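**Student:** my questions concern the predicted model and sequence given below.
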Amino acid sequence: MYYNTNDETGETLQNSRENSENQKNIIYRVFRANPSLPLTPFEIEAAIGKNWPITSIRRAITDLTSEGLLEKTDIKRLGKYGKNTFCWRFLR
């Protein structure tokens with residue numbers, strides 16, 4: 001889902017919605033291809049090999065979790081900025 005916090009309209013808004021959905025689908029496929037592997041947003045970033053904002057990756061993970069496709073675990077790993085980061089895993 002694209003959260004239109006900057007009041008886009010028209011074609012710009014449509015493109016943003018499509019990009020958001022595409023990001024979500026790519027991230028879901030990474031989890032689906034690794035169903036037993038808990039992953040952090042930073043590990044997803046490395047796996048997809050794209051220079052997307054980490055906030056976009058986190059948004060997609062949150063949306064997938066809300067849709068019941070991923071589950072947040074209690075597992076934490078050291079993230080890119082030296083802070084512990086939660087892992088998610090494939091649910092369905």
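**Tutor:** Noted; the coordinates are in hand. Source: prediction; values computed, not measured. Residues are numbered from 1 along each chain as shown.
**Student:** can you list contacts of stretch 23-41?
**Tutor:** Outside stretch 23-41, the residues that touch it by CB atoms under 8 Å, 6 or more residues apart in numbering are 1, 44, 47-48, 50, 52, 54, 56-58, 60-61, 63-64, 69-70, 73, 75, 77, 79, 85-90. No exception for glycine: its C-beta is placed from N, CA and C like everyone else's.
**Student:** so which of those are in helices?
**Tutor:** With helices taken from DSSP state H, the overlap with these comprises 44, 47-48, 54, 56-58, 60-61, 63-64.
**Student:** mark which of these are buried, thanks.
**Tutor:** Buried residues within the ones in helices among the contacts of stretch 23-41, defined by neighbour count using 16 or more other CB atoms under 10 Å: 44, 47, 56-58, 60-61, 63-64.
**Student:** ok, of those residues, which one's closest to Asn6?
**Tutor:** When those are compared for distance to Asn6, the smallest value, 13.7 Å, is given by Ser56; criterion: CB to CB.
**Student:** which pLDDT does the model give the closest one?
**Tutor:** Ser56 is assigned a predicted lDDT (pLDDT) of 94.
**Student:** quick one: low-confidence ranges for the protein?
**Tutor:** Confidence mapping of the chain against pLDDT under 70 gives the ranges 2, 4, 8, 13, 16.
**Student:** could you pull out the strands for it?
**Tutor:** 70-78, 84-90 (DSSP state E).
**Student:** output the contacting helices and strands for the first one.
**Tutor:** Identification of packing neighbours for strand 70-78 by 3 or more CB pairs under 8 Å, 6 or more residues apart in numbering; DSSP states H and E yields helix 54-66, strand 84-90.
**Student:** what lies in contact with that strand?
**Tutor:** For strand 70-78, contacts defined as CB under 8 Å, 6+ apart pick out 28, 31, 38, 40, 43, 61, 64-65, 84-91.
**Student:** starting at the chain centroid, how far to it?
**Tutor:** Between the mean C-alpha location of strand 70-78 and the chain-wide mean there is a distance of 13 Å, by CA atoms, centre = their mean, to the nearest Å.
**Student:** if we can go back for a sec, could the ones in helices among the contacts of stretch 23-41 be laid out in a markdown table, adding distance to Lys24?
**Tutor:** Shown next, in a markdown table, are the ones in helices among the contacts of stretch 23-41 (distance: CB to CB, whole Å):
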| residue | distance to Lys24 |
| --- | --- |
| Ile44 | 11 |
| Ala47 | 15 |
| Ile48 | 12 |
| Ile54 | 15 |
| Ser56 | 9 |
| Ile57 | 10 |
| Arg58 | 12 |
| Ala60 | 4 |
| Ile61 | 9 |
| Asp63 | 6 |
| Leu64 | 6 |
